[in-house]
Each structure stands twice: as structure tokens, then as C-alpha cells.
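A.B. asks: please find the sequence and the predicted model below.
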Amino acid sequence: MDNIHSLMIVLPEVTLAVCGLLLLMVGLINRTNAALVTGVLTILAFAVTGFVMLSPERLQYAYGGGLTTFAFGSMFVDDGFARFIKILLLASSALSLLMSFSYLDKAKIAKPEYPVLVLFATVGMMLMVSASDMLSLYVGLELQSLALYVLAAFNRDSAKSSEAGLKYFVLGALSSGLLLYGISLIYGYAGSTDFMQLAFVLRDAPHHTLGIIFGMVFICAALAFKVSAVPFHMWTPDVYEGAPTPVTAFFAAGPKIAALALFVRVLREPLLAIAPEWYQVIVFAAIASMVLGSFAGLAQKNLKRLMAYSSIANVGYALSGLAVLSKAGLQAMFIYLAVYFLSTLGTFGVILCLRRQGKPAESLADLAGLSKTNPLLALAMTMFMFSLAGVPPLAGFFGKYFIFLAAVKAHMVPLALIGVLTSVVAAFYYLRVIKLMYFDETPAPIDALPDFGVRVTVTLAAVAMLAITIWPSPVVDGARAAIDSFIR
Amino acid sequence: MTFPLLSAVTFLPLLGVALILLFVRGSEGDKRAATMAQQIALWTSMATFVLSLGILQHFDSSNTGFQLMERQLWIPAFNMAYIKGVDGISVWFVLISTFLTPICILSAIGGVKKRVKEFMIALLVLETMMVGVFTTLDLVLFYLFFEGILIPMFLIIGVWGGEKRTYAAYKFFLYTFLGSVLMLVAIFAMAIHTGTTDMTAMMGDKFPKEMAMWLWLAFFVSFAVKCPMWPFHTWLPYAHVEAPTAGSVILAGVLLKMGGYGFIRISLQMLPEASVHFAPLVNILSLVGVVYTSLVALAQTDMKKLIAYSSVAHMGFVTLGIFSLNQQGLDGAMLVMLSHTFVAGALFLCVGVVYDRLHTREIARYGGMATNMRKYALVFMVFMLASIGLPGTSGFVGEFLSMQGAYLANSWYAFIAATGVILGAAYMLWLYRRLFYGVLDKPDVQAMPDLNAREYAMFLPLLVLVLWIGIYPTTFRAVFAPTAQKILTDFNAEAHEATHG
């Protein structure tokens, strides 16, 4: 009975994992079109998982009226928090897969393993956000990371891609080591790996030993690596540039969101009692990321590197939501993530279809004149850029608005000031993209031929962003419900 | 439920955008597509203007509160609502926005030759944003529209502008964006203090003294950049010079007024105590601006730059009038703003007329045009005199009242401001002399045709309004004066209570 209950709770993850195992077979049966068929089926698998996750029957059975429910002892937790993030994860995985087919095809790396790896990475991410024990956290994180290492090096004939994969692997392994060391320190000094028990032990402890603080710092460092927050961001621009563009798009959305959610879960649940300690770390990481991401982006000439710095700055904004230590801050962070993944995926959709003489074009200068050859694509890109810059009335503005509102509410006016000022700096490089597309005339404008997948993705992202602009309430309320289920 | 007139006026231009996007097909350079886009834009903006006249018709000027209110919960979780309403102050700003847009479209029909469809879309989006700023009574939505204007304006300057358009567009965007994000932080603080972003509720609220000072400064930076006040004005000459004619007209006619509107609506109405405290600062900056920019205008060789600097000088009279903190000053500021909308708009259009023909704004390239372009010379003269502030034109009434207000505040203010008027006469008359008198010796200037029917259609309404305000300002003053009086009564009561209570 208890096991069946547990299985019902992890049913979405089980569904997705089983789908992945079945999909591995497709390549053996259908050899001609294996990548495309597997890809489409993978997207279907994401959709099915979403339905399973949200089906009222499962929710009724698993929760029985409560807000939170645990599986397998208390290794795995399912709550509104996890569901909100998992919806974003499934959507971003599905969309990034949808727009990658024709790119992979042209780069001659369309293999059926690609969608399956994306799928397993997604399973890992879902486990991460539902982890309720340091061990399940680690297992989820590694499942995700291993798939990502392979994806980064997926274009194995390209030196850059291999370099990206190797770099990511070496540094990722190092950060996993830090994480494990942190976990072992915490286990050694608190005597448990279970989140709830850790929370109780740390809360009731008269004072916190250096071992606990050290463990916390190691865990923060490892997670900061995963979300690419400064000062653990160095890998990001290289990996973003080297990895095949669809992989970069995938990296920029899902894994970031999952790792940020994990950050929130670990710091707000087991380590809540030492908040005065970790809060300094997060404030530093947030400010450093905002500043570095904004200033370093100014000098970039490659679009993917630019997006890497943009993502660093964005992680800084998201972490500000965590740094303010309030429910309002976390709610704002969730709103931010929901808007962020749309604008990022949309932007990468546009980058994916830039081609010069049949080869992928990635430099900023290649954008020149795009508004002439491809007005709609340029318009969508303009929306994404202004949204990333946080210029109203686009959706990105609401993300920043709620985050800094929470910061001011928590009497952290300097944080809010730094945030808004760095967004002015960052606005410069987003404006440059628009300037290139609209102001510059060029004799040889780029030929961008969006295929079906990119068209659908870009349109969906743009429409969703417009909808959020006009009626932000559903996202705002969804984020609030998610946080309410998590912090009582 | 009554008809949501204000929302209709705000969003009607977007209908035009949708029509253009849906029905205008055709590649770049397709004449038919361009004409169709122009027609749709022109008729939509005319319809918007007619609809906005309905606001004036339903407006009761003896009622000093907000009218034609609309209220709709928007983000309940944060107590944010979609609130619209106009009072005697904002009703005129709505009308100048809807009035100026069709004129700009008319001018763009002659002036903008590339990417016509996109230009019309940008102008219509701009109109929605402008009306939105002046009709919104929720602070977040106000910010949304206030900032949103940057997007179409950035594109208008950058895509259709002159040679150094990229620099001008960046400078315009980043300068105003920097000013506004400080306002955003102030909005956070106010929203948290009052628990709502409803501006009508905030007007009754009091902020702690120290907080009010910081809030005031944050808003000041944003509005001073927008206005623009010396020394925050450096973006303006570039933006004006590089923008296409229609962009300059909107920029001078409406966007600068958003600064003045913000000063009245937010600084005066929400932060009275701090306004009293900082009034001397604003006044001195205004006076420096009036004199300094007038001197700078004297030295210009580019027509548009000259008029741009004269704009800064005129806006100096506006801020001087507002922060005289008396009825004459406020009335004067309102009238200067209305007058400046028509006069500066018209002068930029005048520059556009010859620019379309000769493609240069260099003053020295012209001369003697009074002989071959008589009608143009006459039209230019009326607006030039209005800019100087000749009695009988709109410029006089406003400047007179705002200087009177300044005199009541401090007689030296009026003295210095008056020197600005003299300098204004000097640079405008000199400009006129260089353009229209002298020998008509340049062959290409000789060859220029006089005004055509489309250009008449642009200037005629402006001409009528400039003379109307000059001769019978009561028509306009009667609508805003009761509200202005009430704002000052409330202001004095609150400021008095703060200093003595």
C-alpha cells in the first residue's frame, strides 16, 4: 500500500523514464528517420508526463487533501513548488527539442540519442526539484549532469563542441565533488541527510559549528556552479559558445531553472536555520552576477556568448529573489523564471535559424539587416530583447518589478538599486541587437529560414509573453500557490 | 456599465496597427501598400482624435476630481488595478496627443519614404502609449506607459533618423531609461508604504519626511531628464536633430510634456512637503536652463538644433511656473506647455518642409526664401513670433503668467527669466532673417516650390490654435484652472500642516 502510494507520487518521473527506455528502441527499428521520429515521440512523452503529473486522479490519490506529500520514506517530495517548476521544465525541454530538429539535421548530428538524452536530463531535473534528501538530490543532479555533459559534446567532430563538453565535464565533476564534500560535512555535524530532520536538528541546535557553515558554503558553491552564478560562472561562455546551438538553448532554460529551484529548496528547507549565514553568500553572488553579466556582455561579439552573459545577469536577478529571504521574494523569483525561459528560448529560436551560405551564423554582426529579410522574426527578437532588458510593457518587466519590489520591502534598497542600474547597463547590449537588425543596412543580409519547429516555438514564446503582459495574474497566482505550498 | 471612453481612446490606435498588420501586404517599395498603410494610420488617428473630443464633451470642468473613471482589478495578488481617469490637467494632454498624431502622420506621408508600414505602426503604438501615460491612475501602469514610449521612439529615431541616428537613439534610450529606473525604485517604496499603487489613494497619503525627500529626488531625476531640464538635457539636441520630422514633433509636442505632467501629478500632488523644500533648486536650475540654452541656441548653425535648444528654454518656463507654487505659475506652466506643443511642433514641421525639398538643415544653405516661398514665410513667421511670445499669440499668455508666478515667488526669478525672453527673441528673429531675407542667390533654393495642400492641412489647425490661445486663452484655461486651483489648495494645506503640524 505504502509503495503504491509512493509510486503514484513519482508516477510522472516513472512515466518519463519508461518512455525514455522505450524510445531508445526506436532507433533500432526505424533507421531512416530515427532522430525525427524519436524527437517527436519524446515531445509526446513530455506532454504525457505533464498530463500525468497534473491529472486530478493522481493528485487526489497522492495528496489526499494535503499540500505536500512524501514518497519512499522521505526521499522524494511532491508539492506545488515542485509542480510549478516541473511545468516550466517540461515546457522548456519540449520547446527546445522542437526547434532543434532542422539544425541538427543540417549539422549532420541528428541522432536518435539526442532526444533521449534530453529526456533523461529532464528526468534528472525533475528528481532534483523533488529531492527531499541530500542523497536523492545528488542522484538527480548527477543524472541530469551526465546527460548534459554528453549533449555539450554532441557534435563530436567539432573541436569546439568537444572542448565544451570536456570543460563542462571536468568543472562539473569538480563541483559535484564540492557538493558531496559539503553534504558529508553536514551529515557529519548534523547526523542526517534528510531535509526535514536536518531542519529540526539545525533549528534546535544552540549554536552552529563551523562544520555546518563549511558544509553550507560548499553546497552553495556547487549549486552556484550549476546555475552559473559569479564567481563560478567561468565555464558558461565557453560551453554556450562551443555546444551546438540547440543544446545551448536547452542549457539556458531547463537546467538553470532546475538548479535555481534546487537552490531554493536546499537553502529554505534543511538550511533555513542558518539563513543569516547563507544569506550573505547569496547576496554576494546575486550582486556579482548582475554586475558581471551586465558589464562583460558589453564587449561580446558572438551571440551565444552574449546570451551566456545575459544568462549570468539573469541568474543574478533570480538569486536576488532568494536573497531577500521573504515569501514575496521567492514568488517574484518564480514569476521571473517563468518569463525568463520564454524569452531565452525565443531568442535561441531566432539564433538557430541564422545561416550564412548554409552554415550557422553566430556573430552579432550577422544580424544586420534581419528586419529587411525577415520582418516577423526580427519583430519577435525585438520583443525578446526588450523583455530580457526588462523594458515595460513586455513581460520581462514584471519579473524584475516583483523581484525588486520584494527587495525594497525587505529593506534591501541597495540591492534593488544595483539591480535596476545594472539592467540599464545590460539594456545597452540588448539594444545593440535591435540596432543591428533595424538600423544597419548591409549589402549581404543574412538568410534566415525558420523551419516549422522554430516557427512554432518562437510564436508560442512571443504569444505567451504578450499574454503575460496583458494578464499577468495567472502566473502571479500560480507562483504564489507554489510558494504557499512550500513555505507554511 | 458605461462606455469605457478613456480605454477606447487609448487602445483605438492599436486597432489601426492590427489592420495594417492584417491587410497591408507587399514588399519594400510597393507604392500601393505604402499608401494603404498611410491611409489606415491617418484615418485611425483621426478617429481617435474625434473620439477624444468626446472626453472633452463629457468633461465637467467645475468638477475638480478625476472623471470618466474606469477601474478593473488587474493583478489582485498585488492589489494592482487598471485605473483610468482624467482631471482638468490631464484632459488637455490627452487631447494634444490625439491632435498631434494625425498631423505627424500627414507630415510623414511626405517625409518618410522607406519602411512606411513600420513607421505608421510605430507612430500608432506611440499614440497608445502617450494617451496611456496621461489617463492612467495606477502608478505601475503609469510607469509601464511612461517607459514603453521608449521602444517605439527608439526605433523611430534609429531606423528613420539622420546620419548619427544610432548614437542619438542610444543616448535617448539609455538616458531616459536610467532616469526612469530610479523612479521605479521610488514607486516600489511608495507601493510598500501605502499598500497600493492607486495614485488617487496615494495623493491622500503622507510619507515620512525623510522618505518623501528621497522619493521626490528619484522622481525629479526621471522627470528632469524627460522634460528636459538643464543639466539633464544633453540627450535632447541629438534626438531632435536625428529624428525624422514626425518624431521630432511628437518628441517636442508630447514627450517633453510628460515631464511637466509628472511634476504636477506626482511631485506636487503626492509629495508636497518635499516640493516646497526643493522648489528653489528647481527654480534655479530652470533659470540657468532658460538663459544658458537660449545662449546656446544663438550659436547653432543647424535649424533643428536651434529649435531643440529653444524647447529646453521653454520647458524652463514650465518648471519655473510649476515650482513657483502659486496659481499664476501653475496656470502659466500649463499654458506654456499647450502653446509649446503647437509652436514647437509647427516649427519642426516647418523645418521638415524645407528639409524634404533640400535635404539639409544647415541654416547657411538657405536664404531669401521670402521671395519665392511667400506662404511658407508667412506661416513660419507666425510660429516664430509665437515662440518669441508676441502678445496675441499663444506664447505670450503662458510666459507672462509663469513669469508673474515667478515674480510672486521671488522677483529675481522673474528678472532673470525675462532676459531669457529677450534672448529668445534674438535667436528666433536672427534665424528668420538668415532663412528668409537676404538675396535669393542659391539656385536649388530658388527652385523650391511653395507649400502644397498636404502641408497646408498640417499647418492650418496649428495656426488656428496658436492664435486662439493667444487671443482667448480662457477656453483652455477654464478647463484646467479649477483643478489647478484645487491642487494648490490641497498642496498648501498639506505643506502647511507638515511645517506647522
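C.D. replies: Sure thing, it's come through.
A.B. asks: run through the stretch 201-350 of chain B and note the low-pLDDT ranges.
C.D. replies: Across the stretch 201-350 of chain B, nothing is flagged by pLDDT under 70.
A.B. asks: so which residues on it come close to chain A?
C.D. replies: Within the stretch 201-350 of chain B, no position lies close to chain A (C-beta under 8 Å from any C-beta of the partner chain). Using the backbone N, CA and C atoms, a C-beta is placed for each residue, glycine as well.
A.B. asks: now do the helices in the stretch 201-350 of chain B.
C.D. replies: Taking DSSP state H, counting those that start in this stretch as the test, the helices found in the stretch 201-350 of chain B are B:209-226, B:235-242, B:245-250, B:256-262, B:269-270, B:272-298, B:303-322, B:327-358.
A.B. asks: also the stretch 201-350 of chain A?
C.D. replies: Per DSSP H, counting those that start in this stretch, the stretch 201-350 of chain A carries helices over the ranges A:210-227, A:235-242, A:245-268, A:275-297, A:303-323, A:327-352.
A.B. asks: can I get the third one in PDB, CA atoms only?
C.D. replies: To tie it back to what came earlier, the one meant is helix A:245-268. The C-alpha trace of helix A:245-268 is given here as PDB (Å, rounded to 0.1, in the frame of the first residue of the first chain):
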ATOM      1  CA  THR A 245      23.100  25.800 -30.600                       C
ATOM      2  CA  PRO A 246      20.100  23.700 -29.800                       C
ATOM      3  CA  VAL A 247      22.000  22.300 -26.800                       C
ATOM      4  CA  THR A 248      22.900  25.800 -25.700                       C
ATOM      5  CA  ALA A 249      19.200  26.700 -25.900                       C
ATOM      6  CA  PHE A 250      18.400  23.700 -23.700                       C
ATOM      7  CA  PHE A 251      21.100  24.600 -21.200                       C
ATOM      8  CA  ALA A 252      20.000  28.100 -20.900                       C
ATOM      9  CA  ALA A 253      16.400  27.200 -19.900                       C
ATOM     10  CA  GLY A 254      15.700  23.900 -18.100                       C
ATOM     11  CA  PRO A 255      18.900  23.100 -16.200                       C
ATOM     12  CA  LYS A 256      19.100  26.700 -15.000                       C
ATOM     13  CA  ILE A 257      15.600  26.700 -13.700                       C
ATOM     14  CA  ALA A 258      16.000  23.300 -12.000                       C
ATOM     15  CA  ALA A 259      19.200  24.300 -10.300                       C
ATOM     16  CA  LEU A 260      17.700  27.500  -9.100                       C
ATOM     17  CA  ALA A 261      14.700  25.600  -7.700                       C
ATOM     18  CA  LEU A 262      17.100  23.200  -6.000                       C
ATOM     19  CA  PHE A 263      19.000  26.100  -4.500                       C
ATOM     20  CA  VAL A 264      15.800  27.400  -3.100                       C
ATOM     21  CA  ARG A 265      14.700  24.100  -1.700                       C
ATOM     22  CA  VAL A 266      18.100  23.300   0.000                       C
ATOM     23  CA  LEU A 267      18.500  26.700   1.500                       C
ATOM     24  CA  ARG A 268      15.000  27.300   2.500                       C
END
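A.B. asks: orientation of it relative to helix A:303-323 in degrees?
C.D. replies: For helix A:245-268 against helix A:303-323, the angle by axes from the mean of the first three to the mean of the last three C-alpha atoms, to 10 degrees is 10 degrees.
A.B. asks: show me what the longest helix along chain A is packed against.
C.D. replies: When chain A is scanned for its longest helix (criterion: DSSP state H), the result is helix A:159-190. Counting by 3 or more C-beta pairs under 8 Å, 6 or more residues apart in numbering or on different chains; DSSP states H and E, the packing neighbours recorded for helix A:159-190 are helix A:134-152, helix A:195-204, helix A:210-227, helix A:235-242.
A.B. asks: returning to that earlier point: could the helices of the stretch 201-350 of chain B go into a markdown table alongside mean neighbour count and distance to B:Val133?
C.D. replies: Converted to a markdown table, these look like this (neighbours: other C-beta atoms under 10 Å in any protein chain shown; distance: least, C-beta to C-beta, whole Å):
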| stretch | mean neighbour count | distance to B:Val133 |
| --- | --- | --- |
| helix B:209-226 | 21 | 10 |
| helix B:235-242 | 25 | 18 |
| helix B:245-250 | 28 | 13 |
| helix B:256-262 | 24 | 6 |
| helix B:269-270 | 22 | 15 |
| helix B:272-298 | 21 | 20 |
| helix B:303-322 | 28 | 16 |
| helix B:327-358 | 25 | 14 |
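A.B. asks: want to throw the helices of the stretch 201-350 of chain A into CSV with distance to chain B, mean pLDDT and mean neighbour count?
C.D. replies: Converted to CSV, these look like this (distance: least, C-beta to the nearest C-beta, whole Å; pLDDT from 0 to 100; neighbours: other C-beta atoms under 10 Å in any protein chain shown):
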stretch, distance to chain B, mean pLDDT, mean neighbour count
helix A:210-227, 25, 92, 21
helix A:235-242, 24, 92, 23
helix A:245-268, 19, 93, 26
helix A:275-297, 13, 93, 20
helix A:303-323, 13, 94, 27
helix A:327-352, 8, 92, 26
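A.B. asks: okay, those helices in a markdown table with distance to B:Ile149 next?
C.D. replies: Below are the helices of the stretch 201-350 of chain A laid out as a markdown table (distance: least, C-beta to C-beta, whole Å):
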| stretch | distance to B:Ile149 |
| --- | --- |
| helix A:210-227 | 35 |
| helix A:235-242 | 34 |
| helix A:245-268 | 30 |
| helix A:275-297 | 23 |
| helix A:303-323 | 24 |
| helix A:327-352 | 21 |
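A.B. asks: quick one on the thing from earlier: can I get the helices of the stretch 201-350 of chain B in JSON lines including distance to A:Val139?
C.D. replies: Output for the helices of the stretch 201-350 of chain B, formatted as JSON lines (distance: least, C-beta to C-beta, whole Å):
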{"stretch": "helix B:209-226", "distance to A:Val139": "49"}
{"stretch": "helix B:235-242", "distance to A:Val139": "55"}
{"stretch": "helix B:245-250", "distance to A:Val139": "59"}
{"stretch": "helix B:256-262", "distance to A:Val139": "56"}
{"stretch": "helix B:269-270", "distance to A:Val139": "55"}
{"stretch": "helix B:272-298", "distance to A:Val139": "58"}
{"stretch": "helix B:303-322", "distance to A:Val139": "64"}
{"stretch": "helix B:327-358", "distance to A:Val139": "66"}
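A.B. asks: many thanks, I have nothing further to ask.
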